[in-house]
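In: sequence and predicted model, in that order:
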Amino acid sequence: MWKPPEKIRWTPDPGHLPDAAERASAILFSPLQSGRLALRNRTWVPAMVPWRATESGHVTPEVLDWYGRFAKGRPAAIVVEATGIRDVPSGPLLRIGHDRFLDGLEQLVEVVRTQSGGTTKLFIQLIDFLAIKRRPDRVKFLERFLTITDAHRRALDMPDADEADVRQAMIARDDSDLEQVLDAREFEALTKGYREQVNDMHLDHIRELPRVLPDLFAEAASRAARAGFDGVELHYAHAYTMASFLSATNRRDDGYGGTAQARVRLPLEVYQAVRKAVPEDFIVGSRFLASEAIDGGSTIEDVCHFATTFARAGMDFLSLSRGGKFDDAKQPKVGAAAYPYTGPSGYECMPQYISDEKGPFGRNLAATRAIREAVREAGFDTPVVAAGGIHSFDTAEAALNDGTADIIGAARQTLADPDWFRKLETGHGSDIRLCEYTNYCEGLDQNHKQVTCKLWDRVQLDDPGVRKSLDGKRRLTAPDWTPE
Ligand SMILES: Cc1cc2nc3c(=O)[nH]c(=O)nc-3n(C[C@H](O)[C@H](O)[C@H](O)COP(=O)(O)O)c2cc1C
Ligand code: SF4
């Protein structure tokens, strides 16, 4: 993972632990009731892909264990990992693009209900993503995959050369020369692997996205309601299709790109289709980026416009993330695909303990606050979820107090200790296993390995009933915690 050049080392700080009186008056532990959204308190586990579904996208016993363990910590809400809405193979990512996935998803709902004693609301994150290919072998790409055009002949000053000679001339040049010969997309396909983009209007299926996506999301959401989920989170964040529509890099000329008003149109139409397809009390919110954290990304004014548009349309919550884009991702090795969390914007998404002077904790809070303020000034009280490096009562409570957010999301801290919110709430804060923000878990995610936390995955490995990783070396869920 990319790290800020300052390389300042930060240590997570549990802060002060609230006493009984502070716990009783804490906003963090107070109920939230806003429109359709009712939560027992302000604690929230954001989506985390654990790479535990089958190759066909079905729920497995390991998926059930993962969510069951989070549910034992009784957060007010859990968002199930990014789940594919199309009926197409996508490796061991959960899928919801067909009724055959319903049985497994119903079991997932049941496990969370049982393990949380019915106290945790369960949402599922709905995702669409575009095709991405692995970085090709250079010679194979230039010899076979690249379509040779007259533009290449002109750039090489070989106007009448036949195709084979043009290919050989390219192979003989180094990459910096080739950058002058290939167009930007071809050069990207050569050096990073081909990646579809929402701007690819020459491709029928990309041009048609605004026509097909509302129904695909609506059908998936309707399935989520049938499986018993309390709601859905529309994934409009990071490197995926809907975030690319919102992005300032969206240059589509069909009324769905260019200005902020046009870029928010499809996300809005998707939301409206979803809303129509689900029961009246079903929760529909979205996760989007407070900042893309890339050069030429959306401005904070753009994002405030998106947020107020979603609030006006009636979304039940707005969850804010940061970065995680392909645009600045590291060049993958030959045979590997680019990964959107490897560049500076990836750092902003899951900031690691080696950081700059701002540090990895709460980096998204200032932008989140500005966006929530814009939503409130526009007259809407839609709840806002903050996330990014939050691991202490003090930071959480301050963010709730000063108008930054209404709900506190903690992904890695909850992976490190699924009981941490509960420990704080019940006066057992000194038992909290604090996340070290080393991103061992994120490394596993990047390699599509079953995600665990380094603080507990080798602990009590031989306890009866412990389910282990495929290589048998790691336990797949955190050891249980019983208050003394
Ligand atoms: C292993 C892992 C998987 C993740 N998967 C998702 C995902 O499916 N959808 C999503 O919106 N964010 C995902 N994230 C990002 C987190 O939800 C969260 O925004 C990020 O980790 C920053 O919050 P934190 O500092 O509390 O961990 C993932 C993070 C990790 C560590
Ligand atoms: S592996 Fe555990 S301690 Fe390390 S960043 Fe992930 S959750 Fe935190």
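Out: The structure has been received and is ready for your questions. Ligands and ions are numbered 1, 2, ... in the order given.

In: so where do the strands sit in the stretch 301-450 of the chain?
Out: 318-322, 354-355, 384-386, 407-409 (DSSP state E, counting those that start in this stretch).

In: the third one near ligand 1 anywhere?
Out: It refers to strand 384-386. No: residues of strand 384-386 are not located near ligand 1 by CB under 6 Å from any ligand atom, the shortest gap being 9.5 Å. Any C-beta I mention is one placed from the backbone N, CA and C, and that applies to glycine too.

In: tell me which other helices or strands that strand touches.
Out: Under the contact definition 3 or more CB pairs under 8 Å, 6 or more residues apart in numbering; DSSP states H and E, strand 384-386 sits against strand 318-322, helix 365-377, strand 407-409.

In: for ligand 2, which of the ones you listed is the nearest?
Out: Minimum separation from ligand 2 across the helices and strands packed on strand 384-386 (CB to the nearest ligand atom) falls at strand 407-409, 14.0 Å.

In: give me the distance from that closest one to the chain's centre.
Out: 15 Å (CA atoms, centre = their mean, to the nearest Å).

In: neighbouring contacts of that strand?
Out: Residues from elsewhere that reach strand 407-409, judged by CB atoms under 8 Å, 6 or more residues apart in numbering: 28, 32, 39, 42-46, 76-77, 317, 319, 383-387, 390, 396, 399-400.

In: let's see 10 Å
Out: 27-28, 32, 34, 37, 39, 41-47, 75-77, 79, 287, 317-321, 364, 383-388, 390, 393, 395-397, 399-400, 421 (CB atoms under 10 Å, 6 or more residues apart in numbering).

In: okay, and which of the residues you listed map to helices?
Out: 393, 395, 396, 397, 399, 400, 421 (DSSP state H).

In: tell me which residues in stretch 202-220 are buried?
Out: 206, 209, 210, 213, 214, 216, 217, 218, 219, 220 (16 or more other CB atoms under 10 Å).

In: make that stretch 379-399, sorry
Out: Of the residues in stretch 379-399, those buried (16+ other CB under 10 Å) are 380, 382-393, 395-397, 399.

In: which helices and strands sit right next to the helix or strand where residue 224 lies?
Out: Assigned by DSSP states H and E, residue 224 belongs to helix 209-227. Applying 3 or more CB pairs under 10 Å, 6 or more residues apart in numbering; DSSP states H and E, we find helix 209-227 packed against strand 77-84, helix 102-115, strand 121-127, strand 231-236, helix 241-246, helix 265-277, strand 283-291.

In: how far off helix 102-115 does that helix point, in degrees?
Out: 50 degrees (axes from the mean of the first three to the mean of the last three CA atoms, to 10 degrees).

In: could you find the closest non-adjacent residue to the most far-flung residue of the chain relative to its centre?
Out: Distance from the centre of the chain peaks at residue 160, with 49.0 Å (CA atoms, centre = their mean). With CB to CB, 6 or more residues apart in numbering as the criterion, residue 160 has its nearest non-adjacent residue at 7.7 Å, and that residue is residue 153.

In: rebuild the strands of the stretch 301-450 of the chain as CSV, extending it with mean pLDDT and distance to residue 437.
Out: Output for the strands of the stretch 301-450 of the chain, formatted as CSV (pLDDT from 0 to 100; distance: least, CB to CB, whole Å):
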stretch, mean pLDDT, distance to residue 437
strand 318-322, 98, 15
strand 354-355, 96, 9
strand 384-386, 98, 17
strand 407-409, 98, 15
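
In: any chance of the ones you listed in a markdown table with distance to ligand 2 as columns?
Out: Converted to a markdown table, the strands of the stretch 301-450 of the chain look like this (distance: least, CB to the nearest ligand atom, whole Å):
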| stretch | distance to ligand 2 |
| --- | --- |
| strand 318-322 | 16 |
| strand 354-355 | 12 |
| strand 384-386 | 18 |
| strand 407-409 | 14 |
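
In: which among the ones you listed is found nearest to residue 65?
Out: strand 407-409 (21.8 Å; CB to CB).

In: sheet-wise, list the partners of that closest one with their directions.
Out: strand 43-45 (parallel), strand 384-386 (parallel) (DSSP bridges).

In: which bits of the stretch 51-200 of the chain sit near ligand 1?
Out: 81, 82, 125.

In: and if we set it to 8 Å?
Out: 79, 81, 82, 125, 127 (CB under 8 Å from any ligand atom).

In: which among those end up buried?
Out: 79, 81, 82, 125, 127.

In: okay, now the domains of the chain?
Out: 8-131+201-446, 138-191 (automatic domain parsing).

In: closest one to residue 467 among those?
Out: domain 8-131+201-446 (5.9 Å).

In: so which residues of the stretch 51-200 of the chain form helices?
Out: 61-72, 102-115, 138-140, 150-156, 163-172, 175-181, 184-191 (DSSP state H, counting those that start in this stretch).

In: hey, which of those is tucked in deepest?
Out: Ranked by mean neighbour count under mean count of other CB atoms under 10 Å, these are led by helix 61-72, which reaches a mean of 21.

In: C-alpha coordinates for it, CSV please?
Out: Backbone C-alpha positions of helix 61-72 (Å, rounded to 0.1, in the frame of the first residue of the first chain) are rendered in CSV as follows:
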residue,chain,number,x,y,z
PRO,A,61,-20.9,-21.3,6.9
GLU,A,62,-17.8,-19.0,7.1
VAL,A,63,-19.9,-16.0,5.9
LEU,A,64,-22.5,-16.9,8.6
ASP,A,65,-19.8,-17.1,11.3
TRP,A,66,-18.3,-13.7,10.2
TYR,A,67,-21.6,-11.8,10.5
GLY,A,68,-22.7,-13.8,13.5
ARG,A,69,-19.5,-12.8,15.4
PHE,A,70,-20.1,-9.1,14.6
ALA,A,71,-23.7,-9.5,15.7
LYS,A,72,-22.6,-10.8,19.1
